[in-house]
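fold the following for me, if possible:
(2 chains)
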Amino acid sequence: QSALTQPPSASGSPGQSVTISCTGTSSDVGGYNYVSWYQQHPGKAPKLMIYEVRKRPSGVPDRFSGSKSGNTASLTVSGLQAEDEADYYCNSYAGSDNFVVFGGGTKLTVL
Amino acid sequence: QLQLQESGPGLVKPSETLSLTCTVSGGSISSNRDYWGWIRQPPGKGLEWIGNIYYSGSTYYNPSLKSRVSISVDTSKNQFSLKLSSVTAADTAVYYCARLGSHGGVSYWGQGTLVTVSS
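Numbering: from 1, shown residues only, chains lettered A, B, ... in the order given. Model prediction:
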């Protein structure tokens, strides 16, 4: 079970938009519309930000959006704010044998 | 509001078995829509899925840990538990219990508990 590939870091200035990618295979990201994204601040548990590729849980700002093309999913954060600085992880359903796989994480810095 | 709370020893000796329990409050572990699972995060590193259990007892394990992992559920106590055998220093991590949907999305997380493997 290989981890999904994310860039280790991303950055942007307040008000700008940043996109974080999450690349898998046809056995996970490409095979199912079940990609989720999580935000994790230091010392805290992760928080669900996006599920099923593009759906937002109640309470998550619409500045956060998700998409997918082929084996790559993306999280876009628009109108960057200081509180968006955190680690972001993707995960994907990977079938009944492997169930779920996580990405390695991306540290988002707001300049 | 659903809450999950991990409990168990914070220090385990190498070669021994790590045991953790997650107590679920504010909801029933017998929900037919949800899976209950464990996810870990070594210090300074990323998240790793360990495994899930359904209230009926069906389990799913990370293939890389499958030979050492066992997850069980006690519906009468609204709890589920993790056992990881033959631990080494590489198993040192913050262990999270979580509620997952049927396709892997994690909607609720416990606060996490640090387990250190050391003699």
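
quick one, helices of chain A?
Along chain A, counting by DSSP state H, helices occupy A:95-98.

show me where it has strands.
Under the criterion DSSP state E, chain A contains strands at A:9-12, A:18-23, A:35-40, A:47-50, A:64-69, A:72-77, A:86-93, A:100-102, A:106-110.

the ones you listed into TSV, with extra columns for mean neighbour count, distance to B:Trp38 and mean pLDDT?
In short, each C-beta sits where N, CA and C put it, glycine included. Below are these laid out as TSV (neighbours: other Cβ atoms under 10 Å in any protein chain shown; distance: least, Cβ to Cβ, whole Å; pLDDT from 0 to 100):
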stretch	mean neighbour count	distance to B:Trp38	mean pLDDT
strand A:9-12	15	28	96
strand A:18-23	20	22	98
strand A:35-40	26	16	98
strand A:47-50	21	17	97
strand A:64-69	17	25	98
strand A:72-77	22	24	98
strand A:86-93	26	14	97
strand A:100-102	25	12	94
strand A:106-110	18	23	97
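
output those strands as TSV; include the columns distance to chain B.
Formatted as TSV, these follow (distance: least, Cβ to the nearest Cβ, whole Å):
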stretch	distance to chain B
strand A:9-12	13
strand A:18-23	12
strand A:35-40	4
strand A:47-50	6
strand A:64-69	12
strand A:72-77	13
strand A:86-93	4
strand A:100-102	3
strand A:106-110	10
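
which among the ones you listed is found nearest to B:Ser70?
strand A:100-102 (18.3 Å; Cβ to Cβ).

in chain B, what residue comes closest to chain A?
B:Gly104 (3.5 Å; Cβ to the nearest Cβ).

which residues does the residue nearest the centre of chain B bridge with?
By Cα atoms, centre = their mean, the mean C-alpha position of chain B lies nearest to B:Trp38, the distance being 2.7 Å. Beta-bridge partners recorded for B:Trp38 (DSSP bridges): B:Gly51, B:Cys97.
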